[in-house]
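Participant: Predicted model and sequence follow; I will ask about them next.
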Amino acid sequence: MTSLSETAVWDALRTVQEPELGGDLVSRNMVKDLAISGSSVAFTIELTTPACPLKDEIELEVGRALRPLGAEAIDITWGAMVRRSTPQQAQQLVPGVKNIIAVASGKGGVGKSTVSVNLAVALAQAGASVGLLDADITGPNIPLMMGLDGQPTASANNKITPLERFGVKVISIQFFVPQGQPVVWRGPLVGGAIQQFLRDVEWGELDYLVIDLPPGTSDAQLTLAQSVPISGTVLVTTPQEVSLLDVTKALAMLERMSVPVVGIVENMTGFVCSHCGEVTEIFGRGGGERFAAEHGIEYLGGIPLDVTVRQGGDAGIPVVAQREPGPAAHALTGLARTVAARMSVRAAHSEQPVLTIS
């Protein structure tokens, strides 16, 4: 039986690159608790997000590096250290929240809330600590889509305790108003509600706070941009021109306020018939991808029309949490991994590790 030397193992691991951030695993201090017994080697790889989309690639490269040394058994434990994106001003931080991800569209009816809900749940399924803030004060839909009902209580230090389901902490104005009653507020009240949800909710320690913005370019977006450092914004569109026209305005607003944009996702990108497999492009084709190319932002992919999305939204079971995930669920899970990876890249130069998950 071959006996591996610790020096040889460390040297081999120095040849394994981190695919998203660059640099090798050892130099980035991602390898922990190395243990060698004969031809067996065990260690922890500490990723920058539990939703890392490249675990399989890293594991494959580790095997290629260690097996020529005679390693017959390689036992990898996956951990994650989520880092905070650098804030603009210390006073802007939401206590305990590492990264704030806004979801915007500029237009209603494109599935922005669907993307927000499934992004949050998919990140939580991956092992992250996640919150979801419904900033659409006059049209709150998040409680229905998350299957949540009831009213939050006060915490020990007199803050609002969010409701929780699918591992996601959720706050919405809908929890505080009678069913069916409209919220008819002017801009300052809307901004005040968002401020309270940011500052007066007991969020605890969160890797990601996903914020579902209302349509348009108004007080809610301004309040958010001026109140907290947004780590990145996901734009949502559908393929047709009327949606792209409005998302253009949303992008211009974000650029004017120096809010970073992760990229754009195209929702309702096509309908696949469950009987014949034929794809029908009900809302056109390729609009989101063209928009990304024209504006120099990343195209995060397309989400197909899928009846399970509507069914899950009505029943309060997000599509990524359903027992039999369909094509939309797979696309949304992939979106969550991509967004988490981009957040890791943005925070790569931060020197403030904030949370370890094992």
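Facilitator: Ah, there it is.

Participant: In the stretch 51-200 of the chain, where is pLDDT below threshold?
Facilitator: Applying pLDDT under 70 to the stretch 51-200 of the chain flags residues 85-93.

Participant: where exactly do the helices run in it?
Facilitator: Per DSSP state H, counting those that start in this stretch, the stretch 51-200 of the chain carries helices over the ranges 55-66, 112-125, 142-146, 187-199.

Participant: Out of the ones you listed, which one sits most buried?
Facilitator: helix 112-125 (a mean of 27; mean count of other CB atoms under 10 Å). Where C-beta positions appear, they are placed from N, C-alpha and C, glycine not excepted.

Participant: Now stretch 98-117: buried residues?
Facilitator: Buried residues in stretch 98-117, counted by 16 or more other CB atoms under 10 Å: 98-107, 110-117.

Participant: now do stretch 7-22
Facilitator: 9, 12, 13, 16, 17, 18, 20.

Participant: Mind giving me the packing neighbours of the helix or strand hosting residue 309?
Facilitator: Per DSSP states H and E: residue 309 is located in helix 307-315. The contact analysis (3 or more CB pairs under 8 Å, 6 or more residues apart in numbering; DSSP states H and E) places helix 307-315 against helix 112-125, helix 142-146, helix 327-346.

Participant: quick one: low-confidence ranges for the stretch 251-358 of the chain?
Facilitator: 277, 349-358.

Participant: mind running it again at 50?
Facilitator: Scanning the stretch 251-358 of the chain for pLDDT under 50 picks out 351-358.

Participant: count of residues packed around residue 322?
Facilitator: By the measure other CB atoms under 10 Å, the count of residues near residue 322 is 16.

Participant: And residue 169, by the same measure?
Facilitator: Quick note: residue 169 (other CB under 10 Å) scores 22 neighbours.

Participant: check contacts around residue 333.
Facilitator: 122, 125, 320, 325 (CB atoms under 8 Å, 6 or more residues apart in numbering).

Participant: Settle this for me: the last one is touching residue 319, isn't it.
Facilitator: So the one you mean is residue 325. Yes: look at residue 325 against residue 319 with CB atoms under 8 Å: they come within range, at 6.9 Å.

Participant: higher neighbour count, those two?
Facilitator: Using other CB under 10 Å as the criterion, residue 325 and residue 319 rank with residue 319 on top: 28 against 16.

Participant: list the contacts for residue 312?
Facilitator: Counting by CB under 8 Å, 6+ apart, residue 312 has contacts 145, 318, 319, 321, 322.

Participant: hang on, the earlier thing: now render the helices and strands packed on helix 307-315 as JSON lines, adding distance to residue 55.
Facilitator: Conversion of these to JSON lines gives the following (distance: least, CB to CB, whole Å):
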{"stretch": "helix 112-125", "distance to residue 55": "14"}
{"stretch": "helix 142-146", "distance to residue 55": "27"}
{"stretch": "helix 327-346", "distance to residue 55": "10"}
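
Participant: out of the contacts of residue 312, who's nearest residue 198?
Facilitator: residue 145 (21.1 Å; CB to CB).

Participant: thinking the closest one is in contact with residue 111, fair?
Facilitator: No: using CB under 8 Å, residue 145 is not in contact with residue 111, being 10.8 Å away.

Participant: what do these two both touch?
Facilitator: Counting by CB under 8 Å, 6+ apart, nothing touches both residue 145 and residue 111.

Participant: List the buried residues in the helix holding residue 309.
Facilitator: 308, 309, 312, 313.

Participant: and the direction of that helix versus that of helix 112-125, what angle?
Facilitator: Angle of helix 307-315 versus helix 112-125, following axes from the mean of the first three to the mean of the last three CA atoms, to 10 degrees, is 90 degrees.

Participant: could I have helix 307-315 exported to CSV, CA atoms only?
Facilitator: Only the C-alpha atoms of helix 307-315 are listed here, as CSV (Å, rounded to 0.1, in the frame of the first residue of the first chain):
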residue,chain,number,x,y,z
VAL,A,307,-47.4,24.7,-15.7
THR,A,308,-45.8,23.6,-12.4
VAL,A,309,-44.7,27.2,-11.9
ARG,A,310,-48.3,28.5,-11.9
GLN,A,311,-49.5,25.5,-9.9
GLY,A,312,-46.8,26.0,-7.3
GLY,A,313,-47.3,29.8,-7.1
ASP,A,314,-51.0,29.3,-6.4
ALA,A,315,-50.5,26.5,-3.9
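
Participant: Return the angle between stretch directions for it and helix 327-346.
Facilitator: 80 degrees.

Participant: Distance from the chain centre to helix 307-315, please.
Facilitator: 20 Å (CA atoms, centre = their mean, to the nearest Å).

Participant: Over to stretch 119-130?
Facilitator: Counting by CA atoms, centre = their mean, stretch 119-130 comes out at 7 Å from the chain centroid.

Participant: Stretch 33-46 too?
Facilitator: 31 Å.

Participant: contact partners of it?
Facilitator: 1-6, 9-10, 25, 29-32, 58, 62, 66, 70-81, 356, 358.

Participant: Strands - which of those residues land there?
Facilitator: Residues of the contacts of stretch 33-46 located in strands (DSSP state E): 31, 32, 73, 74, 75, 76, 77, 78, 79, 80, 81, 356.

Participant: Just grab the bridge partners of the first one for me.
Facilitator: Read that as residue 31. Note on residue 31: beta-bridge partners by DSSP bridges are residue 45.

Participant: Do I have it right that it meets residue 25?
Facilitator: Yes: counting by CB under 8 Å, residue 31 touches residue 25, with 5.2 Å between them.

Participant: Since that was my last question, I'll sign off now.
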